[in-house]
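A.B. asks: missing the sequence, but the structure's below:
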Ligand code: PAF
């Protein structure tokens with residue numbers, strides 16, 4: 001990381017479009033990195049990827065209320081715009097789009113984007129409304145900025161597939177690029193919500209990635225995906241995860257259940273440790 005410099009910030013869609021149109025007119029390729037702030041090395045990696053493959057990088061910072069359930073952490077979600085802006089400026093981002101809620105959802109807003117099927121399973125089942133909130137805001141951000149390429153972390157693997165599907169279904173002229181999950185040395189995937197872990201829970205948390213990696217290896221060797229998923233559930237429960245929402249082996253694109261690893265597959269899980277709900281996934 002270099003030395004942070006002030007980052008140009010716009011707060012209205014009109015200002016965002018004016019800036020992007022200027023760059024596009026000059027023949028430049030635009031990258032978009034949508035975020036909710038509370039940035040960590042995973043987000044930095046998204047920005048690095050955008051800066052490497054695009055001429056201009058726009059980072060969006062918007063804690064999207066429509067993707068939080070009534071009992072979720074919207075009101076306490078960490079917010080520190082100055083810190084986040086300095087972090088992405090140091091990576092070479094060109095513009096921060098940080099709108100207020102009314103700019104994105106003006107009074108009377110009632111249109112929602114729902115990705116049927118793919119958005120209804122796994123996270124969609126355990127967090128009703130979550131993917132409709134994500135799909136709606138991502139569609140809006142893509143149409144507001146009209147980038148050439150948008151970058152999303154593979155840590156939220158199902159989210160990435162949902163976004164790719166809405167882009168195809170709605171013919172939005174943008175490429176969604178998945179960026180590899182950034183992990184701590186012990187395997188724990190970086191997440192803003194890791195901050196909720198106590199030291200003891202933090203010590204247990206890497207069991208999630210370790211277990212999924214073992215399942216991926218065994219399924220890759222021809223073991224039965226369902227039996228492996230059952231084994232993984234037991235491992236997580238024994239380690240101290242008090243609720244395993246799901247652990248499953250799915251087709252890497254459709255997220256349908258699979259019987260073997262003849263096509264690209266992904267092991268995905270969500271499990272609770274103390275107050276934190278951790279999700280992770282590993283390629284078979
Ligand atoms: O992954 C996230 O941080 C959010 O779901 C996203 C894609 C920025 C939409 O609010």
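C.D. replies: Yep, it's here. Everything numeric here is computed off the predicted structure, so don't read it as measured data.
A.B. asks: which residues in the stretch 51-200 of the chain form strands?
C.D. replies: 56-61, 95-97, 149-153, 175-179 (DSSP state E, counting those that start in this stretch).
A.B. asks: most tightly surrounded among those strands?
C.D. replies: Mean neighbour count (mean count of other CB atoms under 10 Å) peaks for strand 56-61 among the strands of the stretch 51-200 of the chain, with a mean of 26. For the C-beta atoms, the positions are set from N, CA and C on the backbone; glycine is no exception.
A.B. asks: sorry, back to before: just so I know, which of the strands of the stretch 51-200 of the chain lies nearest residue 16?
C.D. replies: For those, the distance to residue 16 is smallest for strand 95-97, at 4.9 Å, taking CB to CB.
A.B. asks: what's the closest one in contact with?
C.D. replies: For strand 95-97, contacts defined as CB atoms under 8 Å, 6 or more residues apart in numbering pick out 7-11, 16, 19, 56-62, 81, 84-85, 88, 141, 144-145.
A.B. asks: Quick one: check that strand for contact with the ligand.
C.D. replies: No. Using CB under 6 Å from any ligand atom, we find that strand 95-97 stays clear of the ligand, coming within 11.5 Å at best.
A.B. asks: Ok, stretch 41-59 next?
C.D. replies: No. Contact of stretch 41-59 with the ligand (CB under 6 Å from any ligand atom) is absent, the minimum separation being 8.1 Å.
A.B. asks: list the contacts for residue 261?
C.D. replies: Taking CB under 8 Å, 6+ apart, we find residue 261 in contact with 219-220, 222, 225, 284.
A.B. asks: Closest to the ligand out of those?
C.D. replies: Using CB to the nearest ligand atom, residue 284 comes nearest to the ligand of the contacts of residue 261, at 23.3 Å.
A.B. asks: That closest one and residue 147, how far apart?
C.D. replies: 31 Å (CB to CB, to the nearest Å).
A.B. asks: quick one, which of those two is more surrounded?
C.D. replies: The residue with more neighbours, out of residue 284 and residue 147, is residue 147; 26 against 23, by other CB atoms under 10 Å.
A.B. asks: Excluding sequence neighbours, find me the nearest residue to that one.
C.D. replies: Closest residue to residue 147 apart from its sequence neighbours, by CB to CB, 6 or more residues apart in numbering: residue 32 at 3.7 Å.
A.B. asks: Could you do residue 158 as well?
C.D. replies: residue 123 (5.2 Å).
A.B. asks: Give me the distance between the residue of the stretch 51-200 of the chain found nearest the ligand and residue 138.
C.D. replies: Of all residues in the stretch 51-200 of the chain, residue 64 sits closest to the ligand, at 4.0 Å by CB to the nearest ligand atom. The gap separating residue 64 from residue 138 is 9 Å, by CB to CB.
A.B. asks: Between these two, point out the one with more neighbours.
C.D. replies: residue 138 (26 against 21).
A.B. asks: What helix or strand is residue 248 located in?
C.D. replies: Using DSSP states H and E, residue 248 maps to strand 243-251.
A.B. asks: Any buried residues in stretch 108-122, and which?
C.D. replies: 113, 115, 118-119, 121-122 (16 or more other CB atoms under 10 Å).
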